[in-house]
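Enquirer: Turn this into a model:
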Amino acid sequence: MATLVVATGSSQFEVLAGLTAGAMIPWGRVTVFHLDEYVGLDPTHPASFRRFLRERFIEQLPTPPAAFHELDGMAPHPQAECDRLAALVPDGAFDVGLIGIGENGHLAFNDPPADFGTEEAYCVVSLDERCRQQQVGEGWFPSFDAVPTQAISMSVRRILATKTLVCSVPDRRKAEAVQAVVRGPITPAVPASILQQHPRCFLHLDRQSASLLNG
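Expert: I've put the predicted structure just below:
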């Protein structure tokens with residue numbers, strides 16, 4: 001059996017399309033974990049990450065996975081939902097994690113300044129202004145005020161507890177974040193900078209997102 005952590009958002013369009021159309025994978029032996037979700041967002045909403053994963057990944061697989069542990073952003077008690085998911089994660093490391101980096105350098109929905117120390121597997125987090133504006137810029141919400149202010153997110157330390165991380169970061173609007181993550185210090189002000197410490201993190205960039213790394 002294997003475990004897979006899956007992110008959402010525009011950075012994962014090609015990743016998930018390639019994964020579902022690629023070589024045969026025994027999905028019946030893979031347990032899928034959901035990385036993050038907005039608090040209070042109905043799963044029918046176009047921006048729902050549960051909807052995203054079901055439509056773009058789970059329903060596109062040739063055979064169902066062993067399990068798909070999705071986050072319920074509509075749970076009446078978000079912390080209880082964190083606790084429920086925490087009881088399902090493996091005792092050891094995940095096998096593979098598919099992740100991205102936000103325009104503000106966030107990792108999942110761990111916005112700056114991120115909590116690098118918490119031992120919790122999932123946390124209720126507040127979304128900062130730049131993160132919320134990114135969601136509007138990508139077309140997920142019609143206005144800034146429509147973006148939820150909180151989310152449930154896998155913690156930084158639990159993400160790092162993954163044997164192999166595949167971090168996909170396209171687009172020019174991510175170039176500053178990529179530069180800070182790769183060339184800058186490890187700091188909670190740039191949450192994804194902690195990936196510098198991971199022994200098997202593969203960073204996949206396009207020319208635009210890598211444009212500030214030349215020289």
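Enquirer: The helix or strand of the chain with the lowest mean pLDDT: what's the following helix or strand?
Expert: Across the helices and strands of the chain, mean confidence by mean pLDDT, DSSP states H and E is lowest for helix 13-21: a mean of 90. Where DSSP states H and E defines the elements, the next helix or strand beyond helix 13-21 is strand 30-34.
Enquirer: partners of that following strand, with directions?
Expert: Next to strand 30-34 in the sheet, as set by DSSP bridges, lie strand 2-6 (parallel), strand 67-69 (parallel).
Enquirer: Ok, which of those comes nearest residue 125?
Expert: strand 2-6 (16.7 Å; CB to CB). In this view, the C-beta of every residue, glycine as well, is placed from N, C-alpha and C.
Enquirer: Check what pLDDT the nearest residue to residue 63 once chain neighbours are set aside gets.
Expert: In space, and not counting its chain neighbours, residue 63 is closest to residue 27: 4.9 Å by CB to CB, 6 or more residues apart in numbering. Residue 27 carries a pLDDT value of 94.
Enquirer: what about residue 27, distance to residue 187?
Expert: Computed as CB to CB, to the nearest Å, the residue 27 to residue 187 distance reads 38 Å.
Enquirer: So which of these two has more stuff around it?
Expert: Neighbours around residue 27 and residue 187, counted as other CB atoms under 10 Å, are more numerous at residue 27. The numbers are 18 against 15.
Enquirer: correct me, but that one touches residue 68?
Expert: No - with contacts counted by CB atoms under 8 Å, residue 27 stays clear of residue 68, the gap being 10.2 Å.
Enquirer: Return every residue with contacts to both of these two.
Expert: Here residue 27 and residue 68 share no contacting residue, scored by CB atoms under 8 Å, 6 or more residues apart in numbering.
Enquirer: Let me know the distance separating residue 154 from residue 136.
Expert: Per CB to CB, residue 154 is found 23 Å from residue 136.
Enquirer: neighbour count winner among those two?
Expert: Taking other CB under 10 Å, residue 154 and residue 136 do not tie; residue 154 has more neighbours (31 against 15).
Enquirer: give the contact list for the more buried one.
Expert: Taking CB under 8 Å, 6+ apart, one finds 5, 33, 35-36, 108, 121-122 in contact with residue 154.
Enquirer: For beta bridges, what are the partners of it?
Expert: residue 122.
Enquirer: Tell me the confidence at it?
Expert: With respect to pLDDT, residue 154 has a value of 98.
Enquirer: Could you single out the nearest of the contacts of residue 154 to residue 143?
Expert: Checking these one by one against residue 143 (CB to CB), the nearest turns out to be residue 36, at 21.4 Å.
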